[in-house]
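Enquirer: got a sequence here, can you build the structure:
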Amino acid sequence: MSQSQEDYMKFIHKYGEGDYVSNKHISEGLLVAPSSVSEMISRLDRDGLVDYRPYHGAKLTQRGQERAQAIIRKHLIWEYLLETKLGYAKDEVHDLAEVLEHATPADLADRLAEFIEYPED
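Expert: Coordinates of the predicted model:
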């Protein structure tokens, strides 16, 4: 899955809260052209990651929800590691974690979480 696809899924997860997010909202939030949103939403719909309804927008499917949560988990693990173990300032970790989350396989995230004793509830 591409970084762009992951970013769309995170955005829909954050702003949809289980409901539909309009293409316009996605376009404005991710700073991308409406035509790019339409193309990406079609791809995510085809892949079974979102449910798209014209004039309503897109919402994550169960599979999409699981994928988005896994991406967010990686991000949070990196933020925690960077701040608590590597001494980065709180205001520095978000942008670094944003890059690292996309390059982190699930097994590495699991090992990092165990290594840093990440407090997952």
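
Enquirer: what comes up buried for whatever helix or strand Ser38 lives in?
Expert: In the assignment (DSSP states H and E), Ser38 maps to helix 34-46. Within helix 34-46, the residues that count as buried by 16 or more other CB atoms under 10 Å are Val37, Met40, Ile41, Leu44, Asp45. Backbone N, C-alpha and C define where each C-beta goes, glycine included.

Enquirer: for the chain, give me the ranges with low pLDDT.
Expert: Applying pLDDT under 70 to the chain picks out residues 121.

Enquirer: so where do the strands sit in it?
Expert: 50-53, 57-60 (DSSP state E).

Enquirer: which elements pack onto the first one?
Expert: Using 3 or more CB pairs under 8 Å, 6 or more residues apart in numbering; DSSP states H and E as the contact test, the elements touching strand 50-53 are helix 34-46, strand 57-60.

Enquirer: tell me how far stretch 12-23 lies from the chain's centre.
Expert: 12 Å (CA atoms, centre = their mean, to the nearest Å).

Enquirer: I meant to write stretch 103-121 there.
Expert: Per CA atoms, centre = their mean, the centroid offset for stretch 103-121 relative to its chain is 16 Å.
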